[in-house]
Structures are given as C-alpha cells and as structure tokens.
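>>> What follows is a predicted protein model with its sequence.
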Amino acid sequence: MKPFIFIFIASLFFIACQREPVIHTAEIQFGTMGTYGMVKIISDSLEIDETAVLLKIDSLLHDVNMGVSTYIDSSVIARSNQEGFWIEDGNEIHQSHFKENLTRSLEIMRVTNGQFNVFVKPLIDFWGFGDYDKRNLLAKDSLSVDSLLNCINSHDVYFRDTSGCMQLDFSAIAKGYGVDQVANLLERMNYERYMVEIGGEVVCKGKNADEVYWRLGIEEPNEESRSIFEVMQLENRAMATSGNYRNFKILDNGLKVVHIINPSSGYPEISNLLSASIIADNCMSADAYATACMVMGIDTCFDFLLNHPELEGYLIYSDEAGQLKVKQTKGFEEMIVE
C-alpha cells in the first residue's frame, strides 16, 4: 500500500507543477520619430529575448523613417519633396513604406473631404511647425496664406506634378503607421499579448500580466502639467490622440497659434475642441482621423464618428465657462474603467 501512496502523491505533485504556467514579461523602450516608444510583451510560453526584439524594432523603424521622415534628407519623402514629384528609385523597402503612407493618406483625404491633408507641409512650415521652425515667426499675411493654399491644392493624386511647390508631410499618420509595423513584427515573432506605443499612439493585443485588457490613460488637456483625465481599456484595437494644448507657437505680435492647420483656410484651427482620442482597427487610421477631428471641430467630428461605426471617439472640449466637458461615442463609453 505504501508504494501506491507514494506514487499517488508524486503524481499530484507533478500535476500541480504542470498547472503553474510560466509567464514571461518584458518592457522595451526605444527612440524614434522625434519621440519615445515602448513595447510591453506578455508570453505564456516563449522566453523573450529583449535584445533581439529591440534590434528588430530599431531596424524596422529605420526603414520606416527612410520612407516617411521629412527630417532625413535621403528619405524617399524628403527627396520627393526636394524634386516636386515622387522619386521612385532606390531601396524597395523604403519605397514600400512611403507608398503605404501615401495610399492610405489619399484614402482618408477623400473620406474626410480634405480635412486630413498630407499636402499641407508648406503651411506647416509657414506657421513654424515643420522643418524650418528655427526662423523667427512673423505675423502672417493673408496673401501669403492664399498663395500656399493654391499650392497645396494643385497636386495630382499620384504626387507627380506640377507646380514646383507641392510638399508632402506624413507627420499626422506616420507614428500610427510605425506602431502598426511594430505590432506586425511582434505577430511574426509569435507574440500574442502586447502593447506597442509611439508618442502616445497605441496598439494593444490580448491581456496584460494581470489578465485584464490593457488599460490606458487619457491625458487631461493642460499645457502646464500632465495628469490622467480618464482610464479606459483597449481590446485588440488601436488608439491615437491629437490635441492643440501643448504644441503651439507664439508669433511676434503675441498671438498663440496651435499646430493643427486647417487645410481649407490655411490658418491654425481655433476651436474649443482640446483633444480627440480615436479608436480604430489599426493605428495608422486612428492617428489620421484624430488629426482630422481636430480640424473638423467637436460637432462635425462627432457626426462624422456616428456615420463611421468602425471608429470610436472621446472628445474633450471647453464649454463657454471654460470647464472641461466630454463627448464620446457609446462604444468608447463602454471601454471606460469605473
């Protein structure tokens, strides 16, 4: 009887050991696109080689930037802007990143009736938010703005013009695209639970180490301090936020202008909408639609969201008394953590 008891106890011990899964976690930080990024990975089975993951991320984002960064003189977009038409020679990988950003940007331009516009770079530079923001800003005149409006509206859809003044800028979509690319990389490495973030744009997959969906904080729109306004949980989707409360310039005449440029008027958008957080199936789309919403303003943006059920939105605005208020879609409201 004793051998039986020993075998039975040993079997119980073996089964108990089997029931204790080994959870591997990693948090990897990196710099890219003029900001910071972070990847969090949870693995139920695979050990996480953080060095290998970081090297792959750095290599991937280098290729992305060589396609879409206006701050790298040898990138596809920078060379194309210099020549005034799409330079299609060179590295095929760099070309593919450029083409994906251009193609998706043109699609979203059509969907938003031009409220999102990647040809707005001359205006971004003019107001001091682009490559040439080292110069002193002067009070702007309407004739200069009108001239630039003619410029950004003179392109053809394949960026093969034209007038000699056409310029592309993917800054309102590229970070989201970078997030998507890193998420795709983790999928290829067989990781199924992760969060990828670049400059506040996020993709989440699966659950975190606490076995709940990833929780994200929505920042209070305050130019002087950083604090969490709301907490929500994101389930296998992407979220991007655009705001006008921190990135601004002061003109020589004392006027404060924000970095959201209205491509219809040519001027920085003045609105009581302070931030727009948009959820989509991919971060590239969320990033672009968040910017478009800031141009649209709160009422037009909210109507747009209601007509596009594939999107969810959380809009923070200032009422007439200067108090912060929220307008959100029903789907987003259901993601708020009580």
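Great, that's in hand. Numbering: from 1, shown residues only.
>>> List the contacts of Leu102.
By C-beta atoms under 8 Å, 6 or more residues apart in numbering, the contact set of Leu102 is Trp86, Val118, Phe159, Leu168, Phe170. Heads up, the C-betas are built off the backbone N, CA and C, glycines and all.
>>> Distance check, it against Asp281.
Distance of Leu102 to Asp281, given as C-beta to C-beta, to the nearest Å: 20 Å.
>>> try Ser59
For Ser59, the distance to Asp281 - C-beta to C-beta - is 26 Å.
>>> swap in Asp303?
In terms of C-beta to C-beta, Asp303 sits 21 Å off from Asp281.
>>> More neighbours: which of the two?
Using other C-beta atoms under 10 Å as the criterion, Asp303 and Asp281 rank with Asp281 on top: 14 against 11.
>>> May I ask which helix or strand encompasses Thr300?
According to DSSP states H and E, Thr300 maps onto helix 298-306.
>>> likewise Leu186?
Counting by DSSP H and E, Leu186 is found in helix 174-188.
>>> contact partners of that helix?
With C-beta under 8 Å, 6+ apart, helix 174-188 has contacts from 32-33, 35, 37, 39, 41, 53, 56-57, 60-61, 64, 68-69, 97, 100-101, 104, 170, 194, 196-199, 201-203, 205, 238, 240, 282-288.
>>> can you tell me which of the residues you listed are in strands?
32, 35, 37, 39, 41, 194, 196-198, 201-203, 205, 238, 240 (DSSP state E).
>>> Name only those of those residues that count as buried.
By neighbour count, with 16 or more other C-beta atoms under 10 Å, these hold 32, 37, 39, 41, 194, 196-198, 201-203, 205, 238, 240 as buried.
>>> hmm, which two among the residues you listed are most spread apart?
Ile41 and Ala240 (21.0 Å; C-beta to C-beta).
>>> Quick check: pLDDT value at the closest residue to Asp58 other than its chain neighbours.
Once flanking residues are discounted, Asp58 sits nearest to Phe30: 6.4 Å by C-beta to C-beta, 6 or more residues apart in numbering. What the model reports for Phe30 is a pLDDT of 97.
>>> swap in Ser264?
Value listed for Ser264 in the pLDDT field: 63.
>>> ditto for Ile42
97.
>>> go on, Thr25?
Confidence for Thr25, expressed as pLDDT, is 96.
>>> mind giving me CSV with the buried ones among the ones in strands among the contacts of helix 174-188 and columns for distance to Glu230?
Output for those, formatted as CSV (distance: C-beta to C-beta, whole Å):
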residue, distance to Glu230
Thr32, 27
Gly37, 23
Val39, 24
Ile41, 26
Tyr194, 23
Val196, 21
Glu197, 17
Ile198, 21
Glu201, 17
Val202, 14
Val203, 19
Lys205, 22
Ala238, 18
Ala240, 15
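>>> Out of these, which is nearest to Tyr314?
Ala240 (11.3 Å).
>>> doesn't Ser275 make contact with that closest one?
No. The criterion here is C-beta atoms under 8 Å, and Ala240 misses it with Ser275 at 10.9 Å.
>>> follow-up on the earlier one: quickly list what the residue nearest to Asp58 is bridged to.
As for beta bridges, Phe30 partners with Gly37 under DSSP bridges.
>>> Now for it: which residues touch it?
Tyr36, Gly37, Met38, Val39, Leu54, Ile57, Asp58, Leu61.
>>> at 7 Å what do you get?
Neighbouring residues of Phe30 by C-beta atoms under 7 Å, 6 or more residues apart in numbering: Gly37, Leu54, Ile57, Asp58.
>>> Which of these are buried, as a PyMOL select command?
Applying 16+ other C-beta under 10 Å to the contacts of Phe30, the buried members can be selected in PyMOL as follows:
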select buried, resi 37+57
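>>> follow-up on the earlier one: mind giving me the packing neighbours of the next helix-or-strand element following the helix holding Thr300?
Using DSSP H and E, the helix or strand that directly follows helix 298-306 along the chain is strand 312-318. For strand 312-318, the packing partners by 3 or more C-beta pairs under 7 Å, 6 or more residues apart in numbering; DSSP states H and E come out as strand 273-280, helix 298-306, strand 324-328, helix 330-333.
>>> Tabulate those (a markdown table), appending mean pLDDT.
Shown next, in a markdown table, are the helices and strands packed on strand 312-318 (pLDDT from 0 to 100):
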| stretch | mean pLDDT |
| --- | --- |
| strand 273-280 | 94 |
| helix 298-306 | 96 |
| strand 324-328 | 95 |
| helix 330-333 | 97 |
